[in-house]
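Q: coords below, sequence missing:
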DNA sequence: TTGAAACTGTAGCCAAGGCTACATACTGTG
DNA sequence: CACAGTATGTAGCCTTGGCTACAGTTTCAA
C-alpha cells in the first residue's frame, strides 16, 4: 500500500491513529502487506535450493494462484530488489532476497516448533504456521526460542 | 474477494492448487480476508458493551483508519448481515454479528494467554495477538486451551 | 526440422481496503 | 433560534492481489 511517496507536505487532513491504546491494529495491518512477498521469497529459495530452478508456473502452483498472478507478484519482487528474472529464464533471488528468505525460513521453523511444543497436531501446526508467522514480532519470536530451549 | 459466485460450469481454464502438498498457502490467504471484518465486529461489540454507542468516527479512530474507510467497511458489514446502521444513528450488530464477536473475543483471550504462558512480554503479546488470532485454526485453538488448562 | 504442447508473458477486469476532497446532517451554545 | 463546529456520508482515486482471455516463446518428439 502507501509505499512512502515522500510527498506529505501539502495538507494532510485527518491523521488517523495517533497512538491511542488501540492503534495496535494498524501495526498488524501494515505487517500483513509483506506476507505475500515473504512467501514467494521463501518458496523461490526452496525451489532453487532443492531442484535448481524457480519457474513462474511452479511458483504459481505451489502458492495456489494462477500463473499471471504469480508473474505479477514476481514483477513486484523485482521492483523491490528481492529477485531478478529475465524473460523465459526463471527467477532468482538477489542478496537481499536470500537474506530475507533465510530469516523467514528460520522464523517458520521456530513457529512450527512452538506450536508442536504446546501440543498442536502436526498437520495443523504446519498449516497455521503459514498464516501466523508473518505476524510474529521479534520479541515474540525471541520468547518462543527461549521457551523451546528451556524445555527441550 | 471471489466470494463464491456459484458459476463454474463454463470453462475454468487453469484450476490452481489441486491439493498438492503446498496449497496450504491458499488457506492462509483466504482466511486473511475475514480478519478485518472480525476486528470491526469485535470492536463494535466492545464499544456498545462498554459505553452504549458505536459511532463510525470512534471506530475509525480505534482501528486506525480514516472515517470514510471505516464507513465503507461498515457498509460491507451490513451487506454481509453482520451489522445494521441507519444513517447518523450509530452501528449495531445483528445476531450473527454478536455471535461472531463473541467467538473472536474468546479466541483473542486464548491467544493472548497462550503467548503469555510461553513467556512473551505482555505488551508484545497483546500486540501480536491482534495479527495472529485471525490465523488460528480450531484445532490449534483447542490445543492452546488444553495447554493452558494442563499447566496453569 | 517442424509443430504441438507447455510454458511465459500481456491486457484488462474485479473487489478489498486505503486515502483526500467535498457535501450534508446534527447539536449544542450563545 | 441560529449558526459554528463536529460527525457523517459520498465521490473518486490508488495499490494489491486475484482472475480470464489471449498472444508470444520454447522445447521436445515425430
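A: Sure, I can see it. Here the structure is a predicted model, which is why all the values come from computation and not from measurement. Residues are numbered from 1 along each chain as shown, chains lettered A, B, ... in the order given.

Q: only C-alpha atoms for contact and neighbour calcs from this point on.
A: Noted.

Q: show the average pLDDT along the longest helix seen in chain A.
A: Under DSSP state H, the helix in chain A containing the largest number of residues is helix A:95-117. In this model, helix A:95-117 has an average pLDDT of 97.

Q: all helices in chain A, in order from the N-terminus.
A: Under DSSP H, chain A gives helices at A:24-33, A:35-50, A:56-63, A:67-79, A:95-117, A:122-132, A:138-149.

Q: so what does the longest helix of chain A touch, helix or strand wise?
A: Judged by 3 or more C-alpha pairs under 8 Å, 6 or more residues apart in numbering or on different chains; DSSP states H and E, helix A:95-117 is in contact with helix A:35-50, helix A:122-132, helix A:138-149.

Q: any weak-confidence spans in chain A?
A: Applying pLDDT under 70 to chain A picks out residues A:1-33.

Q: find the centremost residue of it, please.
A: With distances taken as C-alpha atoms, centre = their mean, residue A:38 lies nearest the centre of chain A, 2.4 Å away.

Q: quick check: that residue vs chain B, distance?
A: Separation of residue A:38 from chain B (C-alpha to the nearest C-alpha, to the nearest Å): 12 Å.

Q: that residue is in contact with residue A:98, isn't it?
A: No. In terms of C-alpha atoms under 8 Å, residue A:38 does not count as a neighbour of residue A:98; the distance is 10.7 Å.

Q: what number of residues lie near the closest residue in space to residue A:134 that isn't next to it in sequence?
A: Distances taken as C-alpha to C-alpha, 6 or more residues apart in numbering or on different chains put residue A:35 closest to residue A:134, at 5.6 Å, once the chain neighbours are dropped. When neighbours are counted by other C-alpha atoms under 10 Å in any protein chain shown, residue A:35 registers 19.

Q: now do residue A:125
A: Neighbour count for residue A:125, taken as other C-alpha under 10 Å: 23.
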